[in-house]
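[1] how would this look folded up:
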Amino acid sequence: MQKYRSKVEYDGRHYVGWQRQDNGPSIQAAVEEAILNFCGEQVEVIAAGRTDSGVHALGMTTHFALLNNNHDPATVRKAINFHLGSQPIKIIETEVVPDSFHARFSAIERRYLYRILNRQSPPTLDCGRVWHVPRKLDIAGMQEAAEILIGEHDFSSFRAKDCQAASPIKTLNTIKVRKSGDEIHISAHARSFLHRQIRNIVGSLKLVGEGKWDPDDIQRILLAKNRAKAGPTAPAEGLYFLEVIY
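    Next up is the predicted model:
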């Protein structure tokens, strides 16, 4: 048996998320079917994270094992991509890894990016890939508010009600708000995240950027440990799973 690690890029707009589900097509199911068509083996592809419906990835790390150990990584990558066809899912890298590697449990940091298109005109080429906010946002205020969230906290106020994590306590290593042309990029790094934690944080930071809240409100919301006190959930279309650090 040979274990492979792969980096996957995908456009999540037409999928129910990474994880295989009964209510629609998933990224996981598409990749597993491509592997089955390639080599006749039915495998489970394990990912470093479970992105929601509509969320994209530039570097989702996965692993899977094949009984036939004669396939070199380049052949595996090309074959899976061939059988994925025109689906907006592609294997970017594939390599052989030791049996001890686990895409989820071996990770020490996960990195996400949220893109806000902050201009009057809506997107054209990036429609479905950014959150369009026409009102000018105060980036400095958003960054000041974001820094309050760095470190270990009880993130109950930014946790989805259906989150299955055992504890709401997480450590946010980094969160940065910066301008990139007409866009505002919010990057967040942590070992792990709660369900919709980033999107809920972004929804609150947007209110700071609009001047409806100030940074002190983020501190108040964090301490409240109550999801109802925080801002709305930002749309899935602006969120990207960037990469995993091992």
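
[2] Can you spell out the domain ranges of the chain, please?
    2-96, 109-245 (automatic domain parsing).

[3] Which among the ones you listed is found nearest to residue 103?
    Nearest of the domains of the chain to residue 103, taken as Cβ to Cβ: domain 2-96 at 4.3 Å. Quick note: C-beta positions are derived from backbone N, CA and C, even for glycine.

[4] Can you lay out the domains of the chain as a markdown table showing mean pLDDT and distance to residue 103?
    Below are the domains of the chain laid out as a markdown table (pLDDT from 0 to 100; distance: least, Cβ to Cβ, whole Å):
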| stretch | mean pLDDT | distance to residue 103 |
| --- | --- | --- |
| domain 2-96 | 97 | 4 |
| domain 109-245 | 97 | 8 |
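
[5] Can you add mean neighbour count and give those domains back as CSV?
    Below are the domains of the chain laid out as CSV (neighbours: other Cβ atoms under 10 Å):
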stretch, mean neighbour count
domain 2-96, 18
domain 109-245, 18
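
[6] Tell me which of the ones you listed sits nearest to residue 102.
    Proximity to residue 102 (Cβ to Cβ) singles out domain 2-96 among the domains of the chain, at 6.6 Å.

[7] And residue 78, how close does it get to residue 150?
    Look at residue 78 and residue 150: by Cβ to Cβ, to the nearest Å, they are 41 Å apart.

[8] Could you do residue 233 as well?
    Between residue 233 and residue 150 the distance is 21 Å, computed by Cβ to Cβ.

[9] How about residue 34?
    Distance of residue 34 to residue 150, computed by Cβ to Cβ: 39 Å.

[10] ditto for residue 8
    Note on residue 8: its distance to residue 150, by Cβ to Cβ, is 29 Å.

[11] again, but for residue 92
    According to Cβ to Cβ, residue 92 and residue 150 sit 30 Å apart.

[12] Show me the strands in the protein, by range?
    Counting by DSSP state E, the chain has strands at residues 2-10, 46-47, 56-66, 89-96, 109-117, 131-132, 151-154, 169-180, 183-190, 239-245.

[13] Reformat the ones you listed as CSV; add distance to residue 202.
    Converted to CSV, those look like this (distance: least, Cβ to Cβ, whole Å):
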stretch, distance to residue 202
strand 2-10, 20
strand 46-47, 22
strand 56-66, 14
strand 89-96, 25
strand 109-117, 5
strand 131-132, 8
strand 151-154, 16
strand 169-180, 10
strand 183-190, 6
strand 239-245, 8
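
[14] right, so of the ones you listed, which gets closest to residue 143?
    Using Cβ to Cβ, the strands of the chain put strand 169-180 closest to residue 143, at 4.2 Å.

[15] helices or strands next to the closest one in the packing?
    helix 139-147, strand 151-154, strand 183-190, helix 197-209 (3 or more Cβ pairs under 8 Å, 6 or more residues apart in numbering; DSSP states H and E).

[16] For the second one, list the C-alpha coordinates in CSV.
    The C-alpha coordinates for strand 151-154 follow below in CSV (Å, rounded to 0.1, in the frame of the first residue of the first chain):
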residue,chain,number,x,y,z
GLY,A,151,-4.5,34.6,21.1
GLU,A,152,-6.4,32.0,23.1
HIS,A,153,-10.1,32.9,23.7
ASP,A,154,-13.5,31.4,24.1
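
[17] now what about it, what contacts it?
    With Cβ atoms under 8 Å, 6 or more residues apart in numbering as the contact definition, strand 151-154 has outside contacts at 168-172, 222, 225.
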